[in-house]
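A.B. asks: my questions are about this predicted structure, shown below with the sequence.
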Amino acid sequence: MGNSKYKFNFEPISNNLTDFEKKLLYLEQIRYIENPDNFYKETAYLKNVDGKLSYFYLFSKIKSNNFNPGSGYLTHGFGFYRGSFHGQMIRGLINYCNLDNCSVILDPFCGSGTTLIEANLLGFNSIGIDINPIACLNSKIKTDLLDCNIDNLLKDNKKYFNPAFFDDHIIDFTDFKELLKCDIKDLFYLFIFLRAISTEFRFSIDRKTSFKRIYHKLANVLKLYNNLKKRINLNLGKTNLFFSDCLTELKNLNTNSVDAIITSPPYVDLIDYIQEDLTPINYLFKKKEIELLKIKSIGNKFKNVLLTEKLYWNKINLFLKESVRILKPNKYFILIINNYKNMKNLYERLLYTNGFFIERVLKRDVVNIKKRNNTEFVYFLKSQI
Ligand SMILES: C[S@@+](CC[C@H](N)C(=O)[O-])C[C@H]1O[C@@H](n2cnc3c(N)ncnc32)[C@H](O)[C@@H]1O
């Protein structure tokens, strides 16, 4: 940094940071001024700080896939989810929020749990809500595994390798909320099993073979992470997860109770998240229950296009109303959207009428899974009072 009082030595995590990442790096350096001793534990964009390797750099070396350099590390890479966040970006955004130790971070559309994982890795407690049960299972596994006894998880596990085990045992639960309270060991192997039946359906690889492959990949990451945890001092936060419609669940949160909201909402008539995960959902739910999940999903398509759009904006309006109520004064709501169907302007209008002001908007160019260029907008919002 230019100011000699705050001079410190650092090396960026990559020489190819995008303009967006350079901006976030610049913004997160404010953290260094306030907390120089811990900055190497928090930074998302530096490889080392004053001679110490950053935690992010150490995490980024532990991966189960190599798709994306700033994502897929630790448990982030344990399951593909459409529209998921970039872990490194969320880390940078949390740093920007300038939170103190006992802060709580909320993601009301938590999907596969990216916000929750990064919050926990940075020592913050988090709240996640999603209407898709497989998203909730993803989030549950990915956050709980960060802080569980890995040796215990990976030993005495022979029974789970028999696919009939799940037919006989786990399916006893009729209530998915109860299922999420199961022992993390049962849930971990159920998660692998559900991934294996999806692979069987999509690629015709039998579930037993897939199960073994997936298990070995994930176990390898967990073992490396376990070794790393013994070398560094990680102070992990915890996640409170709700399998629910966020419009219902947000009403249960107290006014001024949340220190940051970081989220990206579903879009109108773009991705049908329940349909995307239909194979594992079919395994766990009855047809009637699945229909109900679809109806409660925001952005769900109805035959009447106008009704689809009207319902979407009504629900987004309610979501913003609750968000401004539960967010503490002077704290950040970070909303990440793209400009699908020119909805950016309407979002801005609703943000304003619900009492938010836009402190800053950053543009982020992304290449999606189909290698198409896309632009996301990251809104830094605070309440007007
Ligand atoms: C863009 S995705 C979020 C992805 C997430 N940021 C991640 O990193 O994986 C939007 C999510 O909103 C969820 N969703 C849709 N309607 C919902 C509702 N009424 N309540 C809670 N979640 C809902 C979808 O299931 C989907 O997981």
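C.D. replies: Arrived safely, thanks for sending.

A.B. asks: rest of the way, CA atoms for contacts and neighbours
C.D. replies: OK.

A.B. asks: near the ligand, which residues of this protein show up?
C.D. replies: For the chain, the residues in contact with the ligand (Cα under 6 Å from any ligand atom) are 81, 83-85, 109-114, 129-132, 135, 245-246, 263-266, 273, 296-298.

A.B. asks: my guess is residue 315 contacts residue 297. True?
C.D. replies: No. Residue 315 lies out of contact with residue 297 (Cα atoms under 8 Å); the separation is 10.0 Å.

A.B. asks: looking at these two, which has the bigger crowd around it?
C.D. replies: Legend: neighbour count by other Cα atoms under 10 Å for residue 315 and residue 297, higher for residue 297 (21 against 17).

A.B. asks: now do the more buried one against residue 290, distance only.
C.D. replies: Distance, residue 297 to residue 290, by Cα to Cα, to the nearest Å: 11 Å.

A.B. asks: buried ones among the residues of the chain next to the ligand?
C.D. replies: Buried subset of the residues of the chain next to the ligand (neighbour count, 16 or more other Cα atoms under 10 Å): 81, 84-85, 109-114, 129-132, 135, 245-246, 263-266, 273, 297-298.

A.B. asks: and those residues, which of them are in strands?
C.D. replies: Counted as lying in strands by DSSP state E, out of these, are 129, 130, 263.

A.B. asks: that's a strand at residue 328, yeah?
C.D. replies: Yes. Counting by DSSP: H, G, I helix; E, B strand; the rest coil, residue 328 is found in a strand.

A.B. asks: moving C-terminal of the helix or strand of the chain with the lowest mean pLDDT, what's the next helix or strand?
C.D. replies: Across the helices and strands of the chain, mean confidence by mean pLDDT, DSSP states H and E is lowest for helix 30-34: a mean of 79. As assigned by DSSP states H and E, the chain's next helix or strand after helix 30-34 is helix 39-42.

A.B. asks: which residues does that next one contact?
C.D. replies: For helix 39-42, the external contacting residues (Cα atoms under 8 Å, 6 or more residues apart in numbering) are 31-32, 46, 48-49, 52-56, 91, 95, 122.

A.B. asks: among those, name the ones in helices.
C.D. replies: Secondary structure from DSSP state H places 31, 32, 55, 56, 91, 95 of the contacts of helix 39-42 in helices.

A.B. asks: now the strands: where do they sit in the stretch 251-385 of the chain?
C.D. replies: In the stretch 251-385 of the chain, the strands defined using DSSP state E, counting those that start in this stretch lie at 258-263, 327-338, 356-367, 373-383.

A.B. asks: okay if I get these as CSV plus distance to residue 160 and mean pLDDT?
C.D. replies: As requested, the strands of the stretch 251-385 of the chain are exported to CSV (distance: least, Cα to Cα, whole Å; pLDDT from 0 to 100):
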stretch, distance to residue 160, mean pLDDT
strand 258-263, 35, 98
strand 327-338, 39, 96
strand 356-367, 38, 92
strand 373-383, 41, 92
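
A.B. asks: what's the most buried one of those?
C.D. replies: Ranked by mean neighbour count under mean count of other Cα atoms under 10 Å, the strands of the stretch 251-385 of the chain are led by strand 258-263, which reaches a mean of 24.

A.B. asks: out of the residues of the chain next to the ligand, which are inside helices?
C.D. replies: Among those, the ones falling in helices (DSSP H) are 114, 135, 246, 273, 296.

A.B. asks: you'd agree the last one is up against residue 245?
C.D. replies: Put plainly, it is residue 296. Yes. Using Cα under 8 Å, residue 296 is in contact with residue 245, at 6.5 Å.

A.B. asks: what sits in contact with each of these two?
C.D. replies: If you check residue 296 and residue 245 against Cα under 8 Å, 6+ apart, the residues they both contact are residue 131.

A.B. asks: ok so residue 126 is a strand residue?
C.D. replies: Yes. Counting by three-state DSSP, residue 126 is found in a strand.

A.B. asks: now do the contacts for it.
C.D. replies: 104, 105, 106, 107, 116, 119, 120, 237, 238, 239, 240.

A.B. asks: residue 192 versus the residue nearest the centre of the chain, what's the distance?
C.D. replies: Nearest residue to the geometric centre of the chain (Cα atoms, centre = their mean): residue 114, 1.9 Å. As for residue 114, its distance to residue 192 is 19 Å (criterion: Cα to Cα).

A.B. asks: ok, residue 347 next?
C.D. replies: Residue 347 sits 38 Å away from residue 192, going by Cα to Cα.

A.B. asks: now do residue 79, the pLDDT please.
C.D. replies: Predicted confidence (pLDDT) for residue 79: 84.

A.B. asks: does it really touch residue 137, like I thought?
C.D. replies: No. Residue 79 lies out of contact with residue 137 (Cα under 8 Å); the separation is 10.3 Å.

A.B. asks: pick out whichever of those two has more residues nearby.
C.D. replies: The residue with more neighbours, out of residue 79 and residue 137, is residue 137; 24 against 18, by other Cα under 10 Å.

A.B. asks: in a helix, the more buried one, correct?
C.D. replies: Yes. Residue 137: assigned to a helix according to three-state DSSP.

A.B. asks: how about it, what does it touch?
C.D. replies: Residue 137 is in contact with 180, 187, 191, counting by Cα under 8 Å, 6+ apart.

A.B. asks: how many other residues sit next to the first one?
C.D. replies: Residue 180: 18 surrounding residues under other Cα under 10 Å.

A.B. asks: same question, the last one
C.D. replies: Other residues within reach of residue 191 by the criterion other Cα under 10 Å amount to 21.

A.B. asks: just the contacts of residue 137: which are in helices?
C.D. replies: Residues of those located in helices (DSSP H): 187, 191.

A.B. asks: now the contacts of residue 137 as a markdown table including distance to residue 158?
C.D. replies: Listed next are those as a markdown table, based on distance: Cα to Cα, whole Å:
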| residue | distance to residue 158 |
| --- | --- |
| 180 | 22 |
| 187 | 15 |
| 191 | 16 |
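
A.B. asks: TSV for the contacts of residue 137, including distance to residue 198 and pLDDT?
C.D. replies: Shown next, in TSV, are those (distance: Cα to Cα, whole Å; pLDDT from 0 to 100):
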residue	distance to residue 198	pLDDT
180	20	91
187	16	95
191	11	96
